[in-house]
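Trainee: Quick one: sequence and predicted model below, then my questions.
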Amino acid sequence: MSLYNSYQQRGYDSQYIRPRFRFSGAIKNIIIANVVVFLIMYIFRTERFFLYYFGLVPRLVWSKGYIWQLFTYMFIHGGFAHIFWNMFVLWMFGMELEATWGSREFYKYYFLTGTASGIITFLFSLNSGIPVVGASGAIYAVLVAFALIYPNRLIYFYFLIPIKAKYFVLIMGVITFISSFSAGASQISHLTHLGGLVVGFLYLRRSFIFRKMNIRLPRIRFSNPFNNFVRKAKKPPVQPPDNKYNTDQTLREEVDRLLDKINRQGYHSLTEQERQTLYLASEYLAGKEQKRN
């Protein structure tokens, strides 16, 4: 049982989405990077240059080796409305995910799903010369993550209609899936959106999927060539964070209390002692879970 899994299992069903009105961490850096690229493109009139070299043009990826486009296309946007809505959704849904996962995990998830969406777009449109731009693939993956962790949070669709997050993402997925079969140049962008939805879902549910398929990923071990010269110290088993948690049940109750506090007030509201307790408890319970398996 890890900190992420325990948060995922709890769900927090009865609350409305409440984006945090703060601007920091991974979300801040991603938004700033996108805005800076956008301003450079339109202030210096270099749109065509950026679209050709940094947008995702599938034909150029394999014919000229522009492999970096599978990543850089996420930072290119086709207009003010395009970048505004992408960054708005990223801030609105991403801030809470980053508070839950931490900046490092959010970076990994965002760029992994965005790049994977680009790869899917490339594979299904090898001969296309139309540039694909925007962070929408990663944004759709963020929506999937929010729906899986907070399935019953209410979102105001078009700022008017309250709808649960799980149904909102399901509707968006169906619309995107149907749109991906429509004719015209817009087909490619819908494919990128659908790729973000699928990759985000598979990434977050990978443990469940592998377990159902009875698949175990191989563990690669590397021997230390200096074993004869350096004596390796054995890592001591992780101990419970405090003697006052005399049973695993009381320890889990304390973890639940701290997670509730994070959900209400954010990770920054924890004291240094509470952060240490949460970290050690997560390591301890995860270790026991691994032994049980």
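Mentor: In hand now; what should we look at?

Trainee: shaky segments in the stretch 151-293 of the chain?
Mentor: 158-159, 179-188, 214-246, 263, 266-267, 287, 289-293 (pLDDT under 70).

Trainee: Which parts of it are helices?
Mentor: 165-179, 187-204, 206-212, 248-265, 272-292 (DSSP state H, counting those that start in this stretch).

Trainee: Give me the nearest residue to residue 62, chain neighbours excluded.
Mentor: Nearest non-adjacent residue to residue 62, counting by Cβ to Cβ, 6 or more residues apart in numbering: residue 126, 6.4 Å away. Glycine gets a C-beta too; all of them are placed from N, C-alpha and C.

Trainee: circling back to that earlier point, among the helices of the stretch 151-293 of the chain, which is nearest residue 78?
Mentor: helix 187-204 (9.6 Å; Cβ to Cβ).

Trainee: And that closest one, what's buried?
Mentor: Using 16 or more other Cβ atoms under 10 Å as the test for burial, helix 187-204 gives 187-201, 203-204.

Trainee: Then stretch 274-287?
Mentor: Quick answer for stretch 274-287 (16+ other Cβ under 10 Å): 274, 277-278, 280-282, 284-286.

Trainee: And stretch 44-61, by the same measure?
Mentor: 47, 50-51, 53-58, 60-61.

Trainee: contact partners of it?
Mentor: If you take Cβ atoms under 8 Å, 6 or more residues apart in numbering as the criterion, stretch 44-61 is touched by 37, 40-41, 66-70, 72-73, 75-76, 118, 121-122, 125-133.

Trainee: Narrow the residues you listed to just the buried residues.
Mentor: Neighbour-count burial (16+ other Cβ under 10 Å) applied to the contacts of stretch 44-61 gives 37, 41, 66, 69-70, 72-73, 75-76, 118, 121-122, 125, 128, 130-133.

Trainee: secondary structure class for the residue nearest to residue 62?
Mentor: Recorded secondary structure, residue 126: coil (DSSP: H, G, I helix; E, B strand; the rest coil).

Trainee: can you tell me which residues contact it?
Mentor: Residue 126 touches 58-59, 62, counting by Cβ under 8 Å, 6+ apart.

Trainee: out of these, which are inside helices?
Mentor: 58-59, 62 (DSSP state H).

Trainee: Out of those residues, which is nearest to residue 33?
Mentor: For these, the nearest to residue 33 is residue 58 (23.6 Å; Cβ to Cβ).

Trainee: Which strand residues bridge the residue nearest to residue 189 when sequence neighbours are not counted?
Mentor: Among residues not flanking residue 189 along the chain, residue 132 sits closest, at 6.2 Å (Cβ to Cβ, 6+ apart). Beta-bridge pairing for residue 132 (DSSP bridges): residue 56.

Trainee: Let me see the contact set for residue 132.
Mentor: Per Cβ under 8 Å, 6+ apart, neighbours of residue 132: 55-58, 73, 118, 121, 188-189, 192.

Trainee: Just send these back as CSV, with distance to residue 268 too.
Mentor: Formatted as CSV, the contacts of residue 132 follow (distance: Cβ to Cβ, whole Å):
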residue, distance to residue 268
55, 37
56, 36
57, 42
58, 42
73, 33
118, 33
121, 37
188, 40
189, 36
192, 34
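
Trainee: Could you find the lowest-pLDDT member of those?
Mentor: Lowest pLDDT among the contacts of residue 132: residue 188, with 54.

Trainee: hmm, back to that, among the ones in helices among the contacts of residue 126, which one lies nearest to residue 26?
Mentor: residue 58 (28.4 Å).

Trainee: okay, now the domains of the protein?
Mentor: Following automatic domain parsing, one finds the domains of the chain at 8-210, 248-292.
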